[in-house]
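Peer 1: Here's my sequence, what's the structure:
(2 chains)
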Amino acid sequence: MEAGERMDRRELEKRIAKLCRFIGRSPWVFHVNSGSCNGCDIEIIAALTPRYDAERFGVKLVGSPRHADILLVTGPVTNQSLERVKLVYEQTPDPKIVIAVGACPTGGSVFYESPFTNAPLDKHIPVDVYVPGCPPRPEAILYGVVLALEKLAVMLKGRKPDEGGIE
Amino acid sequence: MNVMSEFVYPVAGLIGLYAFVSFASLLWEGIDRKLVARMQRRVGPPLIQPFYDFLKMASKETIIPNTANFMFRASPVLALATAIALLAYTPMGFSPILAKKGDVIVFIYLLALISFFKIVGAISSGSPYAKIGAAREATLMVSREPAMMLALFTIMWRLGKLGISKPFSMGVFYVHNIWQIGTPMSMVGAVILLYVFIVWLASEIEAGYFNIPDAEEEIAEGLLVEYSGRYLALLKLTKSLKTYISASLVVAIFFPWGIAGYFGLAGLSADVVNLLFHTLKVFILLFAVMSVFRASTGRLQITKAVNFLWKNVFVAALVGSLLIAMEVIA
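Peer 2: Residues are numbered from 1 along each chain as shown, chains lettered A, B, ... in the order given. Below you'll find the model as predicted:
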């Protein structure tokens, strides 16, 4: 599975199922909106709705960063939200993964060099996975989750599971 | 011999019950999540997902907020300890380990103490969300308990009139049961009290209408908002245990029949068979009161919930209690 390779949604889901089983835990997601235009948020919600049913992997959207394993950050990190994003990062217990979703936290997008935004995100907090796109497709977000879970698996068990997914 | 029968056997039984009930209540949580997912036409998580969640939370970093004081760390441990102590007084298919005269008061007291410790821990965290959750929990607690206590004391008192050695004990339900009285008035009263207990159970386990203190989408899990890591795991386990214990009370009052007698078993094996059968009954009751209720209703505003509990449920408890008590008094 190469990074540039396009993968079917079904294959991505199988891969996520395998990774979740490998690390033996339930990734709980906290969604941080740092001044996003809602485009990426809608795509994230699309990936979490009953149609895709993220709960079958044990994924849960939690209301407090204290309970989270994965932070999904959207938006160009506006001046008002900068301190909050840092605070939320510090409030999340280790081991944690940060996924920057969308073009804004990745490189600033149309807000590049704006005096009111602070993109890219990794100037402020360590980012593990970038998902570019304006907005990214749900499949791209799922692929970002695959990369994040592989990183978490290396963090916890020292290695990735074998390639491919499970039936 | 005296030490064995008065100290070693009860402690061993309590540890065994604790292990079994932890397993059964976490398993029920998995079954519940699966059933609700199927009702919403989803696939749902695997049945052992709560065990994964528990192990994950226990292995994560535990963060203590700067604003928290000593009780923030003490209260999850105290809540779990209270839940374990409560197991010694819970009727689970057989007379409880420490069944003594009047232990129904200890039961109610310990059940309220779990909520009390959760409230104290939440207030000590310093988070405004936790304080809203604590205020809601306290409001709901004082609204739901009087109806349940009135109904429970009436049933205990009426069963005591049938002649038993330990009145007001949790073991009474396995000597006489409420349907045994048999007069039409007591039957109607018992059905009304069943309604009271089912609403009480829903509000005790905070399902459906009564998911007010832990409102996840609204106040970020309320009481639990600042807890992480090990303490969160302890509080989640306590909640599961409390769900099982509360449902056990309702099952013991209204559906106490065991099956060990049909197999001609006695002693420990009879208790084990009755415990398994009791667990099955608890799961069936929780399916109706928790899963279906949770999947089909939203949460009420706290004022409406209080109104409902006082104006509807408490009045029902009063009527049911009068119907049961009347023939003895008159």
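
Peer 1: longest single helix anywhere in chain B?
Peer 2: The residue-count maximum for a helix in chain B (DSSP state H) belongs to helix B:128-160.

Peer 1: distance between the next helix or strand after that one and the chain's centre?
Peer 2: Next along the chain after helix B:128-160, taking DSSP states H and E as the criterion, comes helix B:184-204. Put simply, helix B:184-204 sits 16 Å off its chain's centre (C-alpha atoms, centre = their mean, to the nearest Å).

Peer 1: Any stretches of the chain with poor pLDDT?
Peer 2: No chain specified, so I'll use chain A. Across chain A, residues meeting the criterion (pLDDT under 70) sit at A:1-7, A:24-25, A:163-167.

Peer 1: You answered for a different chain; I wanted chain B.
Peer 2: B:1, B:215-217, B:330.

Peer 1: Okay, and the beta partners of the residue nearest the centre of chain A?
Peer 2: When C-alpha atoms, centre = their mean is applied to chain A, the residue found nearest the centroid is residue A:99 (3.3 Å). Counting by DSSP bridges, residue A:99 is bridged to residue A:72, residue A:129.

Peer 1: so which strand or helix has the residue lying closest to residue B:141 once chain neighbours are set aside?
Peer 2: Nearest non-adjacent residue to residue B:141, counting by C-beta to C-beta, 6 or more residues apart in numbering or on different chains: residue B:115, 5.2 Å away. Using the backbone N, CA and C atoms, a C-beta is placed for each residue, glycine as well. Element membership for residue B:115 (DSSP H and E) is helix B:103-125.

Peer 1: Now do the buried residues in that helix.
Peer 2: Going by neighbour count (16 or more other C-beta atoms under 10 Å in any protein chain shown), the buried part of helix B:103-125 is B:103-104, B:106-108, B:110-111, B:113-125.

Peer 1: same thing with stretch A:14-30?
Peer 2: For stretch A:14-30, by 16+ other C-beta under 10 Å, it's A:14-20, A:22-23, A:25-30.

Peer 1: Find the residue closest to whichever residue of the stretch 101-250 of chain B sits closest to chain A in space, skipping its chain neighbours.
Peer 2: For the stretch 101-250 of chain B, the residue closest to chain A is residue B:220, as judged by C-beta to the nearest C-beta, at 3.5 Å. Distances taken as C-beta to C-beta, 6+ apart put residue A:63 closest to residue B:220, at 3.5 Å, once the chain neighbours are dropped.

Peer 1: just to revisit the earlier point, what's around the residue of the stretch 101-250 of chain B closest to chain A, how many residues?
Peer 2: Neighbour count of residue B:220, defined by other C-beta atoms under 10 Å in any protein chain shown: 23.

Peer 1: related to what we said a few turns ago, so the residue nearest to residue B:141 sits against residue B:137, correct?
Peer 2: Yes: Residue B:115 is in contact with residue B:137 according to C-beta atoms under 8 Å; the separation is 6.0 Å.

Peer 1: Chain A against chain B: which residues are in contact?
Peer 2: A:24-26, A:50, A:53, A:55-58, A:62-64, A:66-67, A:69, A:91, A:93-95 (C-beta under 8 Å from any C-beta of the partner chain).

Peer 1: from those, which would you call buried?
Peer 2: Buried among the residues of chain A next to chain B (16+ other C-beta under 10 Å): A:25-26, A:53, A:55-58, A:62-64, A:66-67, A:69, A:91, A:93.
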